[in-house]
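A.B. asks: No sequence on hand, only this structure:
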DNA sequence: GTCTATATAACGATAGAC
DNA sequence: GTCTATCGTTATATAGAC
């Protein structure tokens, strides 16, 4: 392998991998790992199936790359959750960011949801190694806020379970919502209403009003 | 067809169908419709694959029967949501019932979740015909309560989206929860904590305290 | 790097002996 | 009603010409 290939992929490879990953995200979000087919992903990407296997050896490799991209996006979104903030602005900011992700990248949330519902066969190790340390760090911040009398004592882990569910449901269950709301797709106002209600409920629970 | 077979299925058929449906619920909840295989369901039920196809002609037939059973269970659980109740007891009762369903029948919730996330290919018509009339009926009850000053004016559809998400997440995402809570499975206390927090948040939003 | 053709395995479903 | 053997199809993945 030349130093060139070690330094960076060719432009063609980079562009094609991007196209395939984009198509894979769409198909995996609709079908899940097991039901998705490489033929359908290739067709959606507009390339022959053999080319897909040229860029990603196996379907599993492709799926893992898609999962990596999702987790990277989510990690960036959750960064500014530090003790320097007040709980009110930190929670409001987090909820608005999560709702915005559900609005702009529902496919990512759906892939993650299907993976977890299936028992997290690919992500179990990642959750152990990354999500648990992350949430344990956040718990310390919340405990500081609670000790300072800045918010009511709540079960922080369950608080996160509920915030995750309320924000991500606007991605995962958007099909059901469009049916109930009798519209073709959710509008920006729907996400705004959701954010306001979730923030309201969270502030009340934490006595931040 | 004899009057006997019209009246009821044979005991053998009834027992075997039950065994297969139970196994199917488990496999479909883990794999979804597309990724589940009849071979795996048959193996889980402890019968040859050919027998499964003897009792259920196609995989789709089997899946539809499983979905029917789930919807029937959920319909029964949502019955006592009438204007005769006060909003406080009606909402608390509904939330506790939904959490209890997540605790006792997580597989049912998971199958439903995967079906909706996939775009509800099998349930779209059912949601149009059944869920929409149901929720429109509930909205009238809530509007009555709001007009009577019994609760704050809230967007009832979004309120249901949030209650559904918070209660069902304790079924759908129980894998993630056991990892974060570092225990083998959720305990009754976890569901109790969840119910209390959800009821607290809902009452606050609706100003029912 | 691209693409046709194909190898190998697994899938849903059925035939037919018992 | 049960079960082995197998059909036809489709899946993942690769070989090899270009």
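C.D. replies: Sure, I can see it. Nothing here was measured: the structure is a model prediction, and the numbers come from that model.

A.B. asks: what distance separates stretch A:171-187 from the centre of its chain?
C.D. replies: 19 Å (CA atoms, centre = their mean, to the nearest Å).

A.B. asks: Residue A:207: neighbour count?
C.D. replies: Counted with other CB atoms under 10 Å in any protein chain shown, the neighbours of residue A:207 add up to 12. (C-beta placed from N, C-alpha, C; glycine too.)

A.B. asks: Confirm for me that it is in contact with residue A:152.
C.D. replies: Yes - under the criterion of CB atoms under 8 Å, residue A:207 makes contact with residue A:152 at 3.9 Å.

A.B. asks: Mind telling me what element the residue in chain A that DNA strand C sits nearest to is part of?
C.D. replies: Closest residue of chain A to DNA strand C, CB to the nearest atom of the strand: residue A:50 (3.1 Å). Per DSSP states H and E: residue A:50 is located in helix A:49-55.

A.B. asks: Identify each buried residue in that helix, please.
C.D. replies: For helix A:49-55, the neighbour count (16 or more other CB atoms under 10 Å in any protein chain shown) marks A:52, A:55 as buried.

A.B. asks: Over to stretch A:103-114?
C.D. replies: Of the residues in stretch A:103-114, A:103, A:105, A:106, A:107, A:108, A:109, A:110, A:111, A:112, A:113, A:114 count as buried by neighbour count, 16+ other CB under 10 Å.

A.B. asks: near chain B, from those?
C.D. replies: Among the buried residues of stretch A:103-114, the ones lying close to chain B by the criterion of CB under 8 Å from any CB of the partner chain are A:110, A:113, A:114.

A.B. asks: From what I see, residue A:49 and residue A:23 are in contact.
C.D. replies: No - applying CB under 8 Å, one finds residue A:49 not in contact with residue A:23, separated by 11.9 Å.

A.B. asks: anything in contact with each of these two?
C.D. replies: Taking CB atoms under 8 Å, 6 or more residues apart in numbering or on different chains as the criterion, residue A:49 and residue A:23 both touch residue A:42.

A.B. asks: For chain A, which segments count as helices?
C.D. replies: Shown for chain A, the helices assigned by DSSP state H span residues A:3-7, A:11-35, A:38-45, A:49-55, A:59-77, A:87-104, A:106-117, A:124-126, A:132-147, A:156-172, A:174-181, A:188-206.

A.B. asks: least reliable of those helices going by mean pLDDT?
C.D. replies: Among the helices of chain A, helix A:3-7 carries the lowest mean pLDDT, at a mean of 49.

A.B. asks: Any idea which residue is closest to the centre of chain A?
C.D. replies: Residue closest to the average C-alpha location in chain A (CA atoms, centre = their mean): residue A:109, at 4.4 Å.

A.B. asks: ok, for it, nearest residue in space, not its chain neighbours?
C.D. replies: Nearest residue to residue A:109, sequence neighbours excluded (CB to CB, 6 or more residues apart in numbering or on different chains): residue A:171, at 3.5 Å.

A.B. asks: contacting residues for that neighbour?
C.D. replies: Applying CB under 8 Å, 6+ apart to residue A:171 gives the contacts A:101, A:102, A:103, A:105, A:106, A:108, A:109, A:110.

A.B. asks: next one: residue A:173
C.D. replies: With the criterion set at CB under 8 Å, 6+ apart, residue A:173 makes contact with B:113, B:116, B:117, B:161, B:164, B:165.

A.B. asks: Between the residues you listed, which sits nearest chain A?
C.D. replies: residue B:165 (3.5 Å; CB to the nearest CB).

A.B. asks: what's the closest non-adjacent residue to that closest one?
C.D. replies: Per CB to CB, 6+ apart, closest to residue B:165 is residue A:169, 3.5 Å.

A.B. asks: next one: residue A:208
C.D. replies: Spatial nearest neighbour of residue A:208, excluding adjacent residues (CB to CB, 6+ apart): residue A:88 at 4.9 Å.

A.B. asks: Up against DNA strand D, what does chain A have?
C.D. replies: Contact residues (CB under 7 Å from any atom of the strand) of chain A with DNA strand D: A:36, A:37, A:38, A:39, A:49, A:50, A:53, A:54, A:57, A:58, A:59, A:60.
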